[in-house]
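# Got a sequence here, can you build the structure:
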Amino acid sequence: MLKVLARPMLSAVFMTSAWETLKDPAPLAKHAEPMIERYRKLLPDWVPEWVPTDAKTLVRVDAGVKLGCSVLLAAGRMPKLAAFVLAADLVPTTLVGHRIWESGDPEERTHFLKNVAVLGGLLATI
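A predicted model of the protein is given here:
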């Protein structure tokens, strides 16, 4: 019974942030651009040209994955797979978005720890 309540509660944070990002990806794309640029240089030559590498598209794809998986998790459809994908996505998102080792900002630390707590919930779901 608790899982029926916990899954939508856990997925709500992903649903809302993903929906907001899909509506307006520009702020998050601007924030992610430096890290994407750093890793874009590491792409091998064989990657096809149709694979998107611009920040706005990558942020939208990421939001789409989060939205899809959070809906699956909330509905109890393939919850372990959905939780695994969300957890795998949350790690780089947290490391890129909340670089507490570079910032002494207490608010960043709070967001970082919130993501760690959500990651714990996702891992408990798996």
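
# in the helix-or-strand element of the chain with minimal mean pLDDT, what's buried?
In the chain, no helix or strand scores lower on mean pLDDT, DSSP states H and E than helix 26-40, which sits at a mean of 87. Neighbour-count burial for helix 26-40, counted by 16 or more other C-beta atoms under 10 Å, picks out Leu28, Ala29, Ala32, Glu33, Ile36. Backbone N, C-alpha and C define where each C-beta goes, glycine included.

# wait, which of these is closest to Lys66?
Leu28 (11.5 Å; C-beta to C-beta).

# list the contacts for that closest one?
Thr21, Val59 (C-beta atoms under 8 Å, 6 or more residues apart in numbering).

# And Lys80, by the same measure?
Thr125, Ile126.

# Give the next helix or strand downstream of the strand or helix carrying it.
Here Lys80 sits within helix 79-97, counting by DSSP states H and E. Beyond helix 79-97 in the direction of the C-terminus, DSSP H and E gives the next helix or strand as helix 106-125.

# And for that following helix, what's in contact with it?
So helix 106-125 is in contact with 6-7, 10, 13, 73, 79-80, 83-84, 86-87, 90-91, 93-94, 97-100, going by C-beta under 8 Å, 6+ apart.

# go again using 6 Å as the cut-off
Applying C-beta atoms under 6 Å, 6 or more residues apart in numbering, the external contacts of helix 106-125 come out as Leu10, Ala83, Leu86, Ala87, Leu90, Thr94, His98, Ile100.

# Grab the nearest non-local neighbour of the third one.
Nearest residue to Leu86 in three dimensions, chain neighbours excluded: Cys69, at 5.0 Å (C-beta to C-beta, 6 or more residues apart in numbering).
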